[in-house]
Each structure stands twice: as structure tokens, then as C-alpha cells.
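S.K.: have a look at this prediction, sequence included:
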Amino acid sequence: DRTWGLYAGVLAEAGIREPARVDHPDVTCGVLHGGLGGLVAVTNHGPVDLRVDLCLPSGAERVRRFEPTGIRPLEAGERSPDGVAVELDLAAHGFALVGWNGPA
């Protein structure tokens with residue numbers, strides 16, 4: 001089902017963007033953000049492992065993944081006016097909890 005692309009396109013044309021997002025039909029994001037940074041829960045609803053780019057605000061600093069065994073820093077990719085990309089591995093039907101410092 002490719003309807004997710006239609007909805008994403010309509011939101012983009014309207015200038016509506018979440019501070020953190022993944023452009024993949026099997027992945028959803030729930031974002032909490034404030035003046036000091038943000039937290040995003042990224043969920044893979046699909047039956048296969050994925051490697052996706054998580055797009056964060058361009059001012060994102062100290063990006064980290066919260067795991068059961070501790071907190072692991074994530075390497076931020078190239079910065080652009082649209083944001084900064086962070087490569088994220090998601091298990092099939094799995095999730096990741098990612099936080100960052102900086103404006104949303």
C-alpha cells in the first residue's frame with residue numbers, strides 16, 4: 001500500500017513536517033520535543049529488518065539511542081537546511097528510542 005506517500009506529499013506541500021521523521025512505508029515516528037531537544041520513538045511495523053535514515057532538525061546535537069543495555073551515541077550524517085540524517089537499524093517489528101539536544 002503506497003498511500004503513505006500520498007499523505008506525506010500533501011503534508012510536505014502544506015509545509016507541515018515533524019521535527020524527526022523517516023520516509024519509509026513500514027516505519028512510524030512519535031515525537032516529543034521542546035526547547036532543549038527531543039525524543040522520537042521509531043517503530044518498524046514490517047516483517048523484515050531495515051536500515052533507514054532518521055531525519056532530525058538541522059540543529060540536532062548529541063544524538064543518542066536509548067537501549068536496554070545503556071545509551072549509545074549515534075553518528076550524525078551530513079547537515080542540510082532540511083536537517084541532519086542519522087542511519088538507524090531497526091529489527092523486524094522492532095523499535096528505537098532516539099534523543100537529541102538542540103532546537104526542534
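M.R.: Yep, that arrived.
S.K.: quick one: pLDDT of the residue nearest the centre of the chain?
M.R.: Against the mean C-alpha coordinate of the chain, by C-alpha atoms, centre = their mean, the closest residue is L54 at 3.6 Å. Listed pLDDT for L54 reads 95.
S.K.: repeat for the one 10 residues further on
M.R.: Among the per-residue scores, R64 shows a pLDDT of 97.
S.K.: hmm, who's touching stretch 82-102?
M.R.: Outside of stretch 82-102, the residues within contact range by C-beta atoms under 8 Å, 6 or more residues apart in numbering are 20, 22, 27, 36-67, 74-78. For glycine as for every other residue, the C-beta is placed from the backbone atoms N, C-alpha and C.
S.K.: if you set the cut-off to 7 Å instead, what comes out?
M.R.: With contact meaning C-beta atoms under 7 Å, 6 or more residues apart in numbering, stretch 82-102 is reached by 27, 36-66, 74, 76-78.
S.K.: could you tell me which of these are located in strands?
M.R.: Among those, DSSP state E puts 27, 37-44, 50-56, 61-66, 76-78 in strands.
S.K.: ok, T28 touching N44?
M.R.: No - contact criterion C-beta atoms under 7 Å: T28 and N44 do not qualify, at 8.7 Å.
S.K.: more neighbours: these two, which one.
M.R.: Ranked by neighbour count (other C-beta atoms under 10 Å), T28 and N44 place N44 first, with 23 against 15.
S.K.: which residues does that one bridge with?
M.R.: When assigned by DSSP bridges, N44 has beta-bridge partners V27.
S.K.: how much space between it and H93?
M.R.: N44 sits 6 Å away from H93, going by C-beta to C-beta, to the nearest Å.
S.K.: pLDDT below threshold where in the protein?
M.R.: Counting by pLDDT under 70, the ranges of the chain that qualify are 1-5, 8, 11, 15-16, 104.
S.K.: how about a cut-off of 80?
M.R.: For the chain, the stretches flagged by pLDDT under 80 are 1-18, 78-82, 103-104.
S.K.: buried set for stretch 92-104?
M.R.: A96, V98, G99, W100, G102, P103, A104 (16 or more other C-beta atoms under 10 Å).
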